[in-house]
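Colleague: here's my sequence, what's the structure:
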Amino acid sequence: MTEPDGFPRAIGRPATAALLDAGYTDLAELDGVAEADLLHIHGVGPKAVAVLREALAARGLSLT
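Modeller: A predicted model of the protein is given here:
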(Lines give C-alpha, C1' and ligand atoms only; values in the text may rest on other atoms or scores of the structure.)
Protein backbone atom coordinates (compact mmCIF):
# COMPACT_ATOMS: atom_id res chain seq x y z
CA MET A 1 0.00 0.00 0.00
CA THR A 2 1.22 3.50 -0.82
CA GLU A 3 0.77 6.65 1.23
CA PRO A 4 -0.51 9.88 -0.35
CA ASP A 5 3.10 11.11 -0.49
CA GLY A 6 3.92 8.24 -2.84
CA PHE A 7 6.13 6.24 -0.51
CA PRO A 8 5.17 2.70 0.57
CA ARG A 9 3.70 2.51 4.07
CA ALA A 10 6.01 -0.40 4.83
CA ILE A 11 9.05 1.90 5.09
CA GLY A 12 7.56 3.43 8.24
CA ARG A 13 6.91 6.97 9.33
CA PRO A 14 10.48 7.82 10.39
CA ALA A 15 11.86 6.87 6.97
CA THR A 16 9.05 8.69 5.18
CA ALA A 17 9.68 11.83 7.23
CA ALA A 18 13.43 11.54 6.62
CA LEU A 19 12.95 11.28 2.85
CA LEU A 20 10.61 14.27 2.84
CA ASP A 21 13.10 16.27 4.93
CA ALA A 22 15.83 15.33 2.44
CA GLY A 23 13.74 16.79 -0.38
CA TYR A 24 12.28 13.63 -1.89
CA THR A 25 8.53 14.03 -2.29
CA ASP A 26 7.65 11.06 -4.50
CA LEU A 27 8.86 7.51 -5.00
CA ALA A 28 9.78 8.17 -8.64
CA GLU A 29 12.29 10.81 -7.53
CA LEU A 30 14.39 8.00 -6.05
CA ASP A 31 15.01 6.46 -9.49
CA GLY A 32 18.78 6.34 -10.00
CA VAL A 33 19.63 7.38 -6.43
CA ALA A 34 22.42 5.35 -4.85
CA GLU A 35 21.37 3.04 -2.03
CA ALA A 36 24.37 4.27 -0.04
CA ASP A 37 23.09 7.85 -0.30
CA LEU A 38 19.71 6.80 1.09
CA LEU A 39 21.36 4.92 3.94
CA HIS A 40 23.20 8.11 4.91
CA ILE A 41 19.87 9.83 5.57
CA HIS A 42 19.13 9.62 9.29
CA GLY A 43 15.94 7.58 9.65
CA VAL A 44 16.37 5.50 6.50
CA GLY A 45 17.70 2.02 7.19
CA PRO A 46 18.30 -1.21 5.28
CA LYS A 47 14.68 -2.36 5.67
CA ALA A 48 13.34 0.88 4.19
CA VAL A 49 15.82 0.71 1.32
CA ALA A 50 14.78 -2.88 0.54
CA VAL A 51 11.10 -1.87 0.48
CA LEU A 52 11.87 1.15 -1.71
CA ARG A 53 13.93 -1.03 -4.08
CA GLU A 54 10.97 -3.41 -4.52
CA ALA A 55 8.46 -0.57 -4.96
CA LEU A 56 10.65 1.07 -7.59
CA ALA A 57 11.15 -2.23 -9.43
CA ALA A 58 7.38 -2.66 -9.61
CA ARG A 59 7.31 0.63 -11.55
CA GLY A 60 10.24 -0.28 -13.79
CA LEU A 61 12.57 2.02 -11.84
CA SER A 62 15.60 1.29 -9.68
CA LEU A 63 18.16 2.49 -7.18
CA THR A 64 21.84 2.36 -8.07
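Colleague: drop to CA atoms for contacts and neighbour counts, all remaining ones
Modeller: Fine.
Colleague: the residue nearest to residue 47 when sequence neighbours are not counted: how many residues sit nearby?
Modeller: Leaving out its chain neighbours, the residue that sits closest to residue 47 by C-alpha to C-alpha, 6 or more residues apart in numbering is residue 11, at 7.1 Å. Neighbour count for residue 11, taken as other C-alpha atoms under 10 Å: 19.
Colleague: farthest from the middle of the protein: give me that residue.
Modeller: Residue farthest from the centre of the chain, counting by C-alpha atoms, centre = their mean, is residue 60 at 14.6 Å.
Colleague: residue 63 and residue 30 touch, don't they?
Modeller: Yes: using C-alpha atoms under 8 Å, residue 63 is in contact with residue 30, at 6.8 Å.
Colleague: can you list residues touching both of the two?
Modeller: Contact with both residue 63 and residue 30 is made by no residue, according to C-alpha atoms under 8 Å, 6 or more residues apart in numbering.
Colleague: please work out which residues outside stretch 16-32 touch it.
Modeller: The contact list for stretch 16-32, computed with C-alpha under 8 Å, 6+ apart, reads 5-7, 41-44, 52, 56, 61-64.
Colleague: flag whichever of the residues you listed scores worst on pLDDT.
Modeller: Of all those, residue 5 carries the smallest pLDDT score, 55.
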